Structures are given as C-alpha cells and as structure tokens.
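[1] 3D model of this:
(one chain, ligands or ions: 1)
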Amino acid sequence: MTVGTACGKIILFGEHAVVYGRPALAVPLSQLRARAFVESRAEQGIVIHARDLKRDILVNDSTVDDALATITRLTLNKLGVTGNLEISVESDIPVASGLGSGAAISTAIVRALAAHFHQSLAASEISALVYETEKMYHGTPSGIDNSVIAYEQAIRFVRGQPITPFQIARPFTLSIANTGIASPTKITVGDVRRGWEQDKARYETIFDDIAEIVARAQDALARGENHLLGELMTRNQRALESLDVSSREIENLIDAGMRAGASGGKLSGGGRGGNVIFYVAEERAEEVRRAVGEAGAVSTLVTYVGK
Ligand code: MEV
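    Numbers count the residues shown, from 1 in each chain. A predicted model of the protein is given here:
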C-alpha cells in the first residue's frame, strides 16, 4: 500500500480579492492533514472509500461530477497508467471550513497514486491537477488553495502569476477557531461575483483596499514588525464584512478573542462560517483559545507561523 498526505492551509490576508487578481498571503497548516492510501485490487475497476464522507465511489464514466473520481482519472492520465485500484481517503481537516480540505484530499490522492506507480510529480504539476477539482468545488477559484497545499510553503499568490514564497522575519502565534458552520466556498465566491457584477466600482475599491492591506502585511512580515499584523487583520475583516461574507457567529468569536487579548482577528477562507484566525502574543494564546471556546467555537487550535 502507498500513502500520500497533504496539509491544510490558512489564508492570512487577501481572500476573495485574490479571485479578482489581487495578491493574497497563505501559509500551510501542517498539523492538519489529509491522507490517501492506494493498493491494487483483484476486482476490475477503481473504487474510492471516503471514510469521513461515508461514501464509496466507483470511478467510471458516470462519476464525472465527483471531485475525487475526477482527480483520480486526471492523475492516472497524467501518469500514463491504468490499474485496478482501491483508494481510501481520510482527513483531519474539517470540510467547508476555509482550511482547504478539498484541495488537501485531492493532493493526497495525486501523491499516493504517483507513489503507487513509482513516479514523481513536481509541485507545479500537482497544483495544476488539483486546480481542476478546485473548479468543481469552488466555481471560479483563484488557485491559491491548491498552490499553498501542493507547495506546502508560505506563499504570496497572484492569480495567473508564478507563486512566490514570502519572507517571515519573526515567527508568530496564530490562534484558529472553528465556528462549526460549514460554508461552501462556491456559495460565498458566487455571491461576491453577483455583488461585483451589480456594483463593480464599489467592489473594486474594496479589493484595492484589501490589496493594500496585503502589501502592508507582507512588508511587516519581512521586517519582523509583527505588532502591525493584528490591526491589519482587523482591517481585512472589515473589508470582508463589506463584501458580505462575514456572519454573526464569526463576529461573536472575533469579539470574544479580542476581549481575551488577541491583537486582531479575521475570518479565513470563504467566510460565512468556517474558521476565524487571531494574531495573538504567545502568552495570551491559551486565554484566547479558552475565550473563543466559551463563545461557541467547536474546535480551536494554536499554530506557529514561520517556525
Ligand atoms: C478560499 O480558500 C479562498 C477564496 O479567496 C476563494 C479562492 O481564492 O478561490 C475565498
């Protein structure tokens, strides 16, 4: 049996505006992983067991709408192989929570299949394959999720441009809190698209504001001026609220985290649910984690960025 794994991801700054050509900063979340296991089977055909989704998928011509079947077909095609296979997937990453679960599961499948057939694929090739399934999950995705997950490094992402790593001069603590509300990115991305179509000037101004926040954050990270990050996160959150992708639950968690000593917070990913991130001094991280738990977060974790 061969195994492939892939990390989750966090967008620090710039979600949604990134769909419209603005830059965004994202980091891998290596503690949360998706895993895929591949083995040959005696019976004809390919079956995928998605344990967490409690689904078994037989890969054939009628599963064209299924992202897991699609990534399997695309990968085998890319590798130039066929086979009778049993693929199992499992993931620690909550689905539809802004942490890249879909892209991580697809990436794990690509890696496990490549390993099964003793081939290796470059990160750029894996990212391109996974982007095809991102379109199924997200409608008009920017490509940031598949990029940060396939490369598993902190990246500055601009749609259509080569990805560039960004510098983190001083590591910092990030507290992450899950609202427990599953919110498919496809829906929020679609709603922002409708809003943009109705009032392009207003939306473009918000996207420009987000681009400026991203530029400042990148600069602060490169200089080790981490004290600026909290305020920039809060400003990014306000811009996301103007795009109508926030929610009462997100804002309740942010309020609780801020009261407990976080320096700033924002939703991360598609919004309307999913995860909230806080920039927090290490000694306050535990307090923030407790406060957001009491305020209703279904799960919390603390991660170190740049370490
Ligand atoms: C989703 O993780 C990030 C969004 O910006 C969508 C995308 O970039 O495709 C909301």
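[2] Could you pull out the helices in this structure for me?
    67-79, 101-116, 123-138, 144-151, 185-198, 200-223, 229-242, 248-259, 285-294 (DSSP state H).
[3] can I get the ones you listed in JSON lines with mean neighbour count, mean pLDDT and distance to Arg55?
    For every residue, glycine as well, the C-beta is placed using N, CA and C. Compiled in JSON lines, the helices of the chain are given as follows (neighbours: other CB atoms under 10 Å; pLDDT from 0 to 100; distance: least, CB to CB, whole Å):
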{"stretch": "helix 67-79", "mean neighbour count": "20", "mean pLDDT": "96", "distance to Arg55": "9"}
{"stretch": "helix 101-116", "mean neighbour count": "27", "mean pLDDT": "97", "distance to Arg55": "12"}
{"stretch": "helix 123-138", "mean neighbour count": "20", "mean pLDDT": "94", "distance to Arg55": "15"}
{"stretch": "helix 144-151", "mean neighbour count": "28", "mean pLDDT": "97", "distance to Arg55": "21"}
{"stretch": "helix 185-198", "mean neighbour count": "17", "mean pLDDT": "95", "distance to Arg55": "19"}
{"stretch": "helix 200-223", "mean neighbour count": "18", "mean pLDDT": "98", "distance to Arg55": "36"}
{"stretch": "helix 229-242", "mean neighbour count": "20", "mean pLDDT": "98", "distance to Arg55": "32"}
{"stretch": "helix 248-259", "mean neighbour count": "20", "mean pLDDT": "98", "distance to Arg55": "28"}
{"stretch": "helix 285-294", "mean neighbour count": "19", "mean pLDDT": "95", "distance to Arg55": "31"}
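[4] Next to the ligand, which bits of the stretch 151-300 of the chain? Give me the list.
    Residues of the stretch 151-300 of the chain lying close to the ligand by CB under 6 Å from any ligand atom are 185, 189, 269-270.
[5] what's the farthest-apart pair in those residues?
    For those, the maximum inter-member distance is 10.4 Å, found between Val189 and Gly269 (CB to CB).
[6] With adjacent residues omitted, what lies nearest to the residue nearest to the spatial centre of the chain?
    For the chain, the residue sitting closest to the mean C-alpha position, by CA atoms, centre = their mean, is Gly100 at 3.0 Å. Nearest non-adjacent residue to Gly100, counting by CB to CB, 6 or more residues apart in numbering: Lys9, 3.9 Å away.
[7] If anything else comes up later, I'll come back, but that's it for now.
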